[in-house]
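J.: Any chance you could fold what I've pasted below:
(one chain, ligands or ions: 1)
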Amino acid sequence: MGKRESKIIKSISEVNQMNILITGGAGYIASHLTKQLLEDSTYNITILDNLSTGYIDTITTLKSIRDFEFVDMDLKEFDKISNFLKSSNFDIIFHFGAYILVEESISNPLKYYMNNTVNTTNLINCAINSGVKKFVFSSTATLYGDVENIPKDGLNEDLPTNPINPYGTSKLMSEQVLIDSAKANSDFRFVIFRYFNVAGADIYYNENGELSPRFGQRLKNATHLIKVASQSALGIRDKMAIFGDDYDTIDGSGVRDYIHVDDLASAHIKAIDYLDNISNPSDIFNIGYGKGFSVKEVISTMKSVSGVDFRVDMEGRRDGDPAILIANNSKIKAKMSWQPKYDDLELICKSAYEWERSR
Ligand code: UFG
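T.: The predicted model follows:
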């Protein structure tokens, strides 16, 4: 191939590159999405993060896969966000930057409303004003609350929402902002993902064939069951507790639909294709595996993959916890052809454990 031809091919591929902004990209879920996106050179990636809960070395590790732009900016800096978006040319925004702890949202609701709702509203406004046409929003199954008559095939997107904690409400309000904004701006479309319980870490095998995650949940005050259980197995915590064994579930403990973070990330890539097809409407998708495990089952799986019989106490129910959250995932499977690869509680626990062990 002559120099001129290769130049033309290069400029065609540059033209076809999709400019992607990922907010909160130094965080847990977004780093797994970024890792997957970096493997495809047609994506031109920018991460915006204020490093309040994310880490700069996550960015460094991601950059070792392929270089990209990192912008250290806080979503609450409205003028900066507006100028930044106006001076960029993003085709799509993945908005992950948010606080995620249910308990903390009860004790400090304004922290959640300010960041998860107010800053998100500003981001949506700036996106529309600067001509961004596609928006993917990280929402949560928490906003279904305590569902009285749980459908046999899990929670579907048409069920009424009824968040029982400020975290869920902060996300629900942002969903509404998106829905109304898209109604009023016909060329702005969105995908909302309602995540069920995201867990596990980067499925990556080192040169010796050992599971050796490069990314994982690093939140310092994380209260998530699988993280807490892996820390207990490693002796980072001397014990853990089961919050409530009087729920109406198989063994009395709470039931959740645990989805591996890499499967959740791959759904976001499906959302790019979905929104690329102009005839696909803005829509909401639940994302989970469609089956639930109790707290007791998760703890027993962690004990078995780690080989450690760590101490577990019984405590009363935790405020803001629904009894059961299991997804009906037929919509995302049908409309985005999403297929999970790691639907395996042992692998979820093992990858979380190996990640924690490597810290
Ligand atoms: N649990 C314990 N002991 C612990 C931690 C948790 O018994 O030390 C129990 C909880 O009571 C609950 C289950 O384990 O029954 C799962 O709790 P997590 O804290 O792991 O997760 P949550 O279901 O409270 O919330 C998580 C995320 C939210 C998300 C939600 C979606 O934190 O961001 O899943 O279902 F919205």
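J.: neighbouring contacts of the helix ranked longest in the chain?
T.: Determined from DSSP state H, the single longest helix within the chain is helix 166-184. The contact list for helix 166-184 (C-beta atoms under 8 Å, 6 or more residues apart in numbering) reads 98-102, 104-106, 109, 112-113, 115-117, 120-121, 124-125, 128, 135, 137, 139-140, 142-143, 145, 161, 163, 188-190, 192, 282, 284, 320. All C-beta spots, glycine's among them, are computed from the backbone N, C-alpha and C.
J.: which among those residues end up buried?
T.: Neighbour counting by 16 or more other C-beta atoms under 10 Å classes 98-102, 104-106, 112-113, 115-117, 120-121, 124-125, 128, 135, 137, 139-140, 142-143, 145, 161, 163, 188-190, 192, 282, 284, 320 among those as buried.
J.: follow-up on the earlier one: now, which of the contacts of helix 166-184 lie close to the ligand?
T.: The residues of those that also fall near the ligand, by C-beta under 6 Å from any ligand atom, are I100, V102, T140, T142.
J.: nearest residue to the first one other than its sequence neighbours?
T.: In space, and not counting its chain neighbours, I100 is closest to Y167: 6.9 Å by C-beta to C-beta, 6 or more residues apart in numbering.
J.: Now do the contacts for K227.
T.: Neighbouring residues of K227 by C-beta under 8 Å, 6+ apart: A199, Q217, L219, A352, E356.
J.: closest to the ligand among the residues you listed?
T.: Closest to the ligand out of those is A199 (7.5 Å), distances taken as C-beta to the nearest ligand atom.
J.: dump the residue contacts of that closest one.
T.: Applying C-beta under 8 Å, 6+ apart to A199 gives the contacts Q217, H224, L225, I226, K227, Y258, I259, H260, V261, I348, C349, A352.
J.: Please list the members of the residues you listed that lie in strands.
T.: Y258, I259, H260 (DSSP state E).
J.: Of those, which is the nearest to the ligand?
T.: Distance to the ligand across the ones in strands among the contacts of A199 (C-beta to the nearest ligand atom) is lowest for Y258, with 8.4 Å.
J.: from memory the closest one sits against Y195, does it?
T.: No - at 10.9 Å, Y258 does not count as touching Y195 under the criterion of C-beta atoms under 8 Å.
J.: near the ligand, which residues of the stretch 1-150 of the chain show up?
T.: Counting by C-beta under 6 Å from any ligand atom, the residues of the stretch 1-150 of the chain lying close to the ligand are I100, V102, T140, A141, T142.
J.: do that again at 8 Å, thanks
T.: I100, L101, V102, E103, T140, A141, T142, L143 (C-beta under 8 Å from any ligand atom).
J.: List the contacts of the residue nearest to the second one when sequence neighbours are not counted.
T.: Just to be clear, that refers to L101. Nearest residue to L101, sequence neighbours excluded (C-beta to C-beta, 6+ apart): T223, at 6.0 Å. Contact partners of T223, counting by C-beta under 8 Å, 6+ apart, are L101, V102, E103.
J.: Next, format the residues of the stretch 1-150 of the chain next to the ligand as JSON lines and append pLDDT and secondary structure.
T.: Shown next, in JSON lines, are these (pLDDT from 0 to 100; DSSP: H, G, I helix; E, B strand; the rest coil):
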{"residue": "I100", "pLDDT": "92", "secondary structure": "coil"}
{"residue": "L101", "pLDDT": "89", "secondary structure": "coil"}
{"residue": "V102", "pLDDT": "87", "secondary structure": "helix"}
{"residue": "E103", "pLDDT": "88", "secondary structure": "helix"}
{"residue": "T140", "pLDDT": "97", "secondary structure": "strand"}
{"residue": "A141", "pLDDT": "95", "secondary structure": "helix"}
{"residue": "T142", "pLDDT": "92", "secondary structure": "helix"}
{"residue": "L143", "pLDDT": "93", "secondary structure": "helix"}
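J.: From the contacts of K227, which land in helices?
T.: Counting by DSSP H, the part of these found in helices is A352, E356.
J.: top of the contacts of K227 by neighbour count?
T.: Top of those by neighbour number is A352, holding 30 neighbours under the definition other C-beta atoms under 10 Å.
J.: Surely that residue touches A222?
T.: No - look at A352 against A222 with C-beta under 8 Å: they stay out of range, at 10.7 Å.
J.: what are the phi and psi values for the residue lying closest to N197 once chain neighbours are set aside?
T.: Nearest residue to N197, sequence neighbours excluded (C-beta to C-beta, 6+ apart): R256, at 4.3 Å. Note on R256: backbone dihedrals following degrees, to the nearest 10 are phi -140, psi 160.
J.: residues contacting R256?
T.: Counting by C-beta under 8 Å, 6+ apart, R256 makes contact with F196, N197, L225, G292, F293, I324, L325, I326.
J.: Look up the residues forming beta bridges with F243.
T.: Counting by DSSP bridges, F243 is bridged to E315.
J.: Quick check, pLDDT for it.
T.: The confidence metric pLDDT takes the value 98 at F243.
J.: any chance of the ones next to the ligand among the contacts of helix 166-184 in CSV, plus distance to I45?
T.: Below are those laid out as CSV (distance: C-beta to C-beta, whole Å):
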residue, distance to I45
I100, 22
V102, 30
T140, 24
T142, 29
